[in-house]
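*Asks:* structure for the following, please:
(chains A and B)
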There are 2 protein chains.
Amino acid sequence: MSTTEQQPNELQRYCEAVALRAKSASRQLALCDSDVKNRWLIASARALRQQCSAIVAANRLDLDAAPGFGLTEAQADRLRLDAGRIDGIAEGLAQVAGLPDPVGELIETTNRPNGLVLRKVRVPLGVVFFVYESRPNVTADAAAICVKSGNAVILRGGKEAAHSSRAIVNVMLEQAREVGLPVDSVQLVEPTDRAAVGEFLSLHKYIDLAIPRGGEGLIRRVAAEATMPVIKHYTGNCHVYVDKAAELPMAANIVVNSKCQRMGVCNAAESLLIHQDILDRFLPLIVSELEPFDIELRGDQRICAAVPAAKMATEEDFATEFLGPVLSVRVVPDVQTAIDHINRYGSGHTDAIVTNDREAAAKFTAGVDSSAVMVNASTRFNDGGQFGLGAEIGISTDKFHARGPCGLRELTSYKYIVMGSGQIRG
Amino acid sequence: MSTTEQQPNELQRYCEAVALRAKSASRQLALCDSDVKNRWLIASARALRQQCSAIVAANRLDLDAAPGFGLTEAQADRLRLDAGRIDGIAEGLAQVAGLPDPVGELIETTNRPNGLVLRKVRVPLGVVFFVYESRPNVTADAAAICVKSGNAVILRGGKEAAHSSRAIVNVMLEQAREVGLPVDSVQLVEPTDRAAVGEFLSLHKYIDLAIPRGGEGLIRRVAAEATMPVIKHYTGNCHVYVDKAAELPMAANIVVNSKCQRMGVCNAAESLLIHQDILDRFLPLIVSELEPFDIELRGDQRICAAVPAAKMATEEDFATEFLGPVLSVRVVPDVQTAIDHINRYGSGHTDAIVTNDREAAAKFTAGVDSSAVMVNASTRFNDGGQFGLGAEIGISTDKFHARGPCGLRELTSYKYIVMGSGQIRG
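*Replies:* Got it, this is the predicted structure:
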């Protein structure tokens, strides 16, 4: 919280000035033609490709500093930019240019008996404060998504990618000037002072939404300190339930893909529920299919009795997002028990049923309270690209405002425009 | 905040038990047929009418206690229930029964190239904690709106209406048992302990949304303490801008209606902006039309020069929701200055332009960042009933999740139901 009685210090003055410029830019941006936003995105894509070597040079500085920040080889590799990766970033911007502009979209029209005509139209939220710890491509993605949805954005990236992010933003701002997009639409805040995050989180007067992207610690800090709404992206403790009416080879495929295709992501499965009637046939199959991936099973008594390598699962195991080669497994007597288990231990992210029984599928999709409920498909499909949103700024684990993948529309609000001919209220 | 290390005290145990029952009821309610919810509403309407005298007797206890709570005559009168008012409450429930059920509504279908079919369907939020200071009819309204939208509700009304609210809820719970609605769908918490509000606001594990309804102090307290999302209903500093292309009699009508039809409500106008080109003609007209209502004008220099009774407006006057017979007035040189004034001093609630110039209207509706922007109509129309939502639980001054009048849909979220045939991610 900022001190309200005392004179603001330098950091407070700086943060407020940034936020005020963002608010002012957001007013212009809300009225901006789609054409201007799209030309900016396409010009930025072209310029990023053209200025590839300068960006690689800036990235070099981050890579040189990486050991000093304690980054592992793997982490440093994720940070690395080369021509191919920069081309990917540019391609992402071009794709956002191709998406429909959500701003001004007519959501609904209502004609009232007194002659008033109500139009509910989509408008930007205003100013987004985006705090992230991720790779430099996120800088470009977030700027593109926020601006295309009509929002000014304050970017606060991690120190590990500071030079790369600065180089990318500079290129994009150069193009903003060229095409006439308000230059304060995108502001990158240097990550030198951790206290700056707290300052921005106190400025609900100017900032309409905070989005943290990174580890759970960052998200909890932002959620706790923010005085404006936050789109949160907490854990994904995702389940696959294999019903008694499942095609077992399909079920095995879906479990393996959900668990193993990429283990460290939020839509990877962490828990397997198996209907008791197919346990004897399915268990040997899935154990053998998981074998090459070296997955540790933590199961209930029946699983442990049947699989010698399995460990006994604790309550906590069922509630844990392992993000690695561990899978909790439980035998259930019916679909309702599977639903209850998921609603109790899950995180409301993504859960799947494998079944050919329509009634079981209907019961499961109605009963499971998660952002995406899959029938006969991998949990890994819950993301903006796979859902056809074109781009996403995160996957919300909230139910309020936006749930699941957050694309352009999820960064908007609406207003009512009411056309009358002199109506007054009686 | 609840103490996490120590043993919970009695109040904490009580609040957690209430919230847990609400959560459990919300799971059943999410799957409840529209038919059951509607039969409950209709049966409750009938029972309220039948048990009218018992409710009036309970209300008598509140009225007897009113002087002890320091209620004025006018406040006590607002609290009073008689057969006519109970009939109105019953009629409200019947109307909610007639509204379409938002739960299960198909918002969007997407067919993906890989054969996945995504259905985005509307689902309840879960549990609503509703804290209010208002008249006893709000108890019935809130219960009806929350349950019809599939949400369990914890009602925490004011002590002034405690007996009346208890009598109304008892009737509704009796009918819940009759029709098979989960009885914990509606729980009324006795207002004996102020600390209970704080406890409930800490229980984000069970409660999905808090809605405060009452004075600004209550809303600020709830917003500050809540660990779950809050739908806030702050001030309405509403404007009418009379453009140079306005029909002046229509403009005067709209200003008078916006300001005077009911002064103490959020969608009443507090500020009048007049285009300089029509000042000489419009000012005498509006001054004379406002005269019977005894409205104090606080104006800028030109207003004060022309109207002897006007006082000089301060910066603060322009930012104030008077909720009474005061109107701030300013002369503006163009529509853009009016827009800038409104975005600076307004509260984003409701603002109107009176004009026959389409371009000015388009500029105003695009530029003013408010939940409802009226063209040639009174600000007083911004409410759920007038907008055709059928019922409302408040008017949100937030841009996040819900903006403007909040009816049934605004108390819902959505989930993606994804139908596959064995798709895995490559």
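*Asks:* use CA for all of it now, contacts and neighbours both
*Replies:* Noted.
*Asks:* and the residue in chain A that chain B sits nearest to, what does it touch?
*Replies:* Closest residue of chain A to chain B, C-alpha to the nearest C-alpha: residue A:401 (3.7 Å). Going by C-alpha atoms under 8 Å, 6 or more residues apart in numbering or on different chains, residue A:401 touches A:410, B:400, B:401, B:402, B:413.
*Asks:* in helices, which of the residues you listed fall?
*Replies:* Cross-referencing these against helices under DSSP state H gives no overlap.
*Asks:* which parts of the stretch 101-250 of chain A sit against chain B?
*Replies:* With C-alpha under 8 Å from any C-alpha of the partner chain as the criterion, the stretch 101-250 of chain A meets chain B at residues A:110, A:112, A:118, A:125, A:208, A:229, A:250.
*Asks:* dig out what residue A:120 forms beta bridges with.
*Replies:* Beta-bridge pairing of residue A:120 under DSSP bridges involves residue A:108, residue A:416.
*Asks:* in space, what's closest to residue A:278 - neighbours in sequence excluded?
*Replies:* In this structure, residue A:278 finds its nearest non-sequential neighbour in residue A:244, 5.5 Å apart by C-alpha to C-alpha, 6 or more residues apart in numbering or on different chains.
*Asks:* tally of neighbours for that neighbour?
*Replies:* Neighbours of residue A:244 under the rule other C-alpha atoms under 10 Å in any protein chain shown: 22.
*Asks:* from residue B:401, how far out is the closest residue in space to residue A:102 that isn't next to it in sequence?
*Replies:* Leaving aside its sequence neighbours, residue A:102 sits nearest to residue A:409 (C-alpha to C-alpha, 6+ apart; 5.7 Å). Counting by C-alpha to C-alpha, to the nearest Å, the separation of residue A:409 from residue B:401 is 12 Å.
*Asks:* how about the strands in the stretch 1-150 of chain A?
*Replies:* A:106-111, A:117-124, A:127-132 (DSSP state E, counting those that start in this stretch).
*Asks:* deepest of those strands, which one?
*Replies:* Greatest average neighbour count among the strands of the stretch 1-150 of chain A goes to strand A:127-132 (a mean of 25), per mean count of other C-alpha atoms under 10 Å in any protein chain shown.
*Asks:* what does it contact?
*Replies:* Contacts of strand A:127-132 (C-alpha under 8 Å, 6+ apart): A:22-23, A:26, A:142, A:146, A:151-158, A:197, A:200, A:206-214.
*Asks:* could you redo the last one with a cut-off of 6 Å?
*Replies:* Identification of contacts with strand A:127-132 by C-alpha atoms under 6 Å, 6 or more residues apart in numbering or on different chains yields A:151-157, A:207-214.
*Asks:* note down every partner strand of that strand and its orientation.
*Replies:* Strand A:127-132 has the following strand partners under DSSP bridges: strand A:152-156 (parallel), strand A:209-213 (parallel).
*Asks:* give me the distance from that strand to the chain's centre.
*Replies:* Mean-position distance between strand A:127-132 and its chain equals 12 Å (C-alpha atoms, centre = their mean, to the nearest Å).
*Asks:* and what of stretch A:43-58?
*Replies:* Computed by C-alpha atoms, centre = their mean, the chain-centroid distance of stretch A:43-58 equals 26 Å.
*Asks:* ditto for stretch A:325-342
*Replies:* When C-alpha coordinates are averaged (C-alpha atoms, centre = their mean), stretch A:325-342 and its chain have centres 26 Å apart.
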